[in-house]
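Engineer: Fold the stuff below for me.
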Amino acid sequence: MKAIYSLILIVLLALTPAFSREKVAFLGDSIPYAGQWPALVENALRQTPRFADAEIVNFCLPSETVSGLSEPGHAGGAFPRPCLHDRLDNILKLYHPTVIIACYGMNDGIYMPLDQKCLKAYQKGINLLKKKAEAIKAEIIFVTPPLFRADHPETDTDSYNNVLETFGTWLVDQKKSGWKIIDIRPSLQKDIEQEKQTHPDFVYAGDGVHPAERGHEMIAHAVIDGLSTVWNTPLPQDFPDAPARRQLYDNAALYKFAWLSAAGHKRPGIPQGIPIDKLPPDVIGKATVSNWGGGIRHDFTVAGKQALLVLPQQWAQGKPWIWRTEFFGHEPQADQALLKQGFAVGYIDVSNMYGAPKALDIMDEYYQIVTKAYGLSPKTVLEGFSRGGLFAYNWASRHPGQVMALYVDAPVCDFKSWPAGKGKSNGSPEDWKRLLEVYGMTETEALAYKGNPVDNLNVLAKARIPILAVVGDADDVVPVEENTAIVETRYKKLGGPITVIHKPGCGHHPHSLKDPAPIVDFIMNIYSKKH
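Structural biologist: Now for the predicted structure:
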């Protein structure tokens with residue numbers, strides 16, 4: 001029996017993903033500290049199975065060296081250059097990375113002609129970094145230093161770029177000993193020359209050191225190419241567009257400052273980060289980014305469910321959002337119009353859960369994550385199409401203080417009507433069976449249930465949550481008289497504000513309005529009163 005158990009354990013371990021808990025740390029000076037090329041590399045990494053759910057943090061620090069050297073009067077005498085080794089042990093102990101991508105050298109020659117003392121100090125610092133990384137079984141990948149004064153090499157009177165070339169050549173030579181090295185310098189030089197041929201006014205780095213965004217793109221491409229070679233795994237080279245890229249940069253900075261503060265450093269002028277135990281889940285960094293309806297779509301996972309958030313190109317004040325509870329992308333005209341007004345559009349796939357408490361628990365988790373990670377307004381507009389009405393009404397009743405308004409469209413307001421089909425609707429036997437399972441009820445218990453939206457309007461009326469309902473008068477799937485008409489009568493009696501738009505002769509489909517202006521105006525009027 002013991003032998004059989006051991007065999008099973010071996011098989012299970014073999015089937016376990018090899019890279020289930022990757023933690024990547026970027027180490028370097030002010031160039032990667034700026035955040036652009038590391039964020040672009042992170043975006044590429046997250047499009048691979050190995051790093052899709054990885055924790056990735058930029059630990060880079062301006063002015064830093066790996067050599068421990070500093071020129072006299074650095075920063076006007078305000079402080080000597082910080083050294084990585086003053087904080088490396090804390091980083092490794094607190095974060096325990098599995099992969100380290102390190103780019104040093106720009107500051108290690110102290111901006112002077114080649115000096116053997118500087119070269120040996122650089123080599124010693126790099127060797128020590130490698131030794132400490134390997135001691136915790138982290139994979140260490142070194143990146144050669146970028147170019148110096150690439151735009152005007154004739155002004156490099158001390159031949160400092162040759163110093164960096166010497167550092168880079170020494171690093172590349174270590175490949176013979178099995179080191180993992182990415183030499184960005186040749187491709188960077190080539191890219192700069194080609195860019196200048198096409199755009200003669202192109203400037204890689206105005207101060208000779210710190211590249212502009214196009215230069216960061218060049219470095220990112222070189223690093224991604226190098227990682228593809230090191231791991232023998234192609235990495236995507238496509239970068240997000242400007243608004244999505246800005247979101248990636250801001251998100252990476254949130255984690256960078258938090259972890260720099262937690263690990264500690266000696267560099268003045270670095271913003272204090274929030275405590276790492278207060279960091280929101282890294283949804284933004286792990287999201288797949290694409291375009292949708294004129295907005296920036298982020299796809300991610302919450303509680304094992306597919307979720308998304310579409311961000312506007314430009315936010316309205318307070319970062320408002322509308323939360324589609326079912327059928328994302330169906331008749332999206334109101335959602336897309338609101339995107340143009342600066343609203344985000346949210347969605348998590350809790351299909352076949354019919355607004356049950358288990359579904360609301362998942363929605364709670366989604367709400368907490370997107371409001372914290374993206375800074376969304378604490379009050380959302382809930383949008384319930386058809387069976388989505390169960391989710392919208394039920395979640396609003398659970399959290400009235402977190403709801404700005406309800407927009408429901410041909411909504412199910414009583415599951416006895418649909419999917420049970422105990423009235424004029426034919427219902428859906430398959431959906432009724434699934435509903436009973438997810439609610440954990442017998443049919444008798446479900447038919448006696450008093451938690452449907454039609455029964456549970458007091459808390460919404462007390463909070464005076466505005467409701468807009470759009471219904472087809474000829475709807476025989478979710479009959480108006482068994483659903484919205486009951487809600488309308490009861491809500492008005494309770495003093496709640498409700499508007500119903502009737503579509504004469506229209507059945508359950510099509511949802512929404514061909515011209516969504518009345519829906520958008522309803523929501524924007526409520527929003528404008530609060531801002």
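Engineer: Nearest spatial neighbour of residue 219, chain-adjacent residues omitted?
Structural biologist: Excluding its sequence neighbours, the residue lying closest to residue 219 (Cβ to Cβ, 6 or more residues apart in numbering) is residue 37, at 4.3 Å. (Each C-beta comes from the backbone N, C-alpha and C, glycine too.)
Engineer: residue contacts, the one you found?
Structural biologist: By Cβ atoms under 8 Å, 6 or more residues apart in numbering, the contact set of residue 37 is 31, 216-217, 219-220, 223.
Engineer: And for residue 286?
Structural biologist: Counting by Cβ under 8 Å, 6+ apart, residue 286 touches 46, 52-54, 300.
Engineer: Kindly give a single ChimeraX line that selects the buried subset of these.
Structural biologist: Burial among the contacts of residue 286 is assessed by 16 or more other Cβ atoms under 10 Å; the matching ChimeraX selection reads:
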select :46,53,54,300
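Engineer: Ranking helices and strands of the protein by mean pLDDT, which lands last?
Structural biologist: When the helices and strands of the chain are compared on mean pLDDT, DSSP states H and E, helix 2-15 comes out lowest with a mean of 34.
Engineer: Next secondary structure element downstream of that helix?
Structural biologist: Beyond helix 2-15 on the C-terminal side, the first helix or strand identified by DSSP states H and E is strand 23-28.
Engineer: what about stretch 239-247, average pLDDT?
Structural biologist: Mean per-residue pLDDT for stretch 239-247: 83.
Engineer: What are the buried residues along it?
Structural biologist: In stretch 239-247, counting by 16+ other Cβ under 10 Å, buried: 239-240, 244-245, 247.
Engineer: Out of those, which is nearest to residue 143?
Structural biologist: Closest approach to residue 143 among these (Cβ to Cβ): residue 239, at 18.2 Å.
Engineer: secondary structure element for that closest one?
Structural biologist: Secondary structure assignment for residue 239, by DSSP H and E: no helix or strand.
Engineer: Can you list phi and psi of the residue nearest to it when sequence neighbours are not counted for me?
Structural biologist: Once flanking residues are discounted, residue 239 sits nearest to residue 40: 5.5 Å by Cβ to Cβ, 6+ apart. Dihedral pair for residue 40: phi -70, psi -40, per degrees, to the nearest 10.
Engineer: could you pull out the strands for the protein?
Structural biologist: 23-28, 55-58, 99-103, 139-143, 180-182, 288-292, 295-302, 305-311, 321-324, 344-348, 380-385, 403-409, 467-472, 498-503 (DSSP state E).
Engineer: Distance to residue 270 and mean pLDDT added to those, as CSV?
Structural biologist: CSV is the format used below for the strands of the chain (distance: least, Cβ to Cβ, whole Å; pLDDT from 0 to 100):
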stretch, distance to residue 270, mean pLDDT
strand 23-28, 14, 98
strand 55-58, 12, 96
strand 99-103, 18, 98
strand 139-143, 22, 98
strand 180-182, 26, 98
strand 288-292, 28, 87
strand 295-302, 28, 91
strand 305-311, 28, 95
strand 321-324, 32, 98
strand 344-348, 31, 98
strand 380-385, 35, 98
strand 403-409, 38, 98
strand 467-472, 48, 98
strand 498-503, 52, 98
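Engineer: Make JSON lines out of those and add distance to residue 456.
Structural biologist: Converted to JSON lines, these look like this (distance: least, Cβ to Cβ, whole Å):
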{"stretch": "strand 23-28", "distance to residue 456": "45"}
{"stretch": "strand 55-58", "distance to residue 456": "41"}
{"stretch": "strand 99-103", "distance to residue 456": "50"}
{"stretch": "strand 139-143", "distance to residue 456": "54"}
{"stretch": "strand 180-182", "distance to residue 456": "59"}
{"stretch": "strand 288-292", "distance to residue 456": "33"}
{"stretch": "strand 295-302", "distance to residue 456": "25"}
{"stretch": "strand 305-311", "distance to residue 456": "24"}
{"stretch": "strand 321-324", "distance to residue 456": "19"}
{"stretch": "strand 344-348", "distance to residue 456": "22"}
{"stretch": "strand 380-385", "distance to residue 456": "14"}
{"stretch": "strand 403-409", "distance to residue 456": "13"}
{"stretch": "strand 467-472", "distance to residue 456": "13"}
{"stretch": "strand 498-503", "distance to residue 456": "15"}
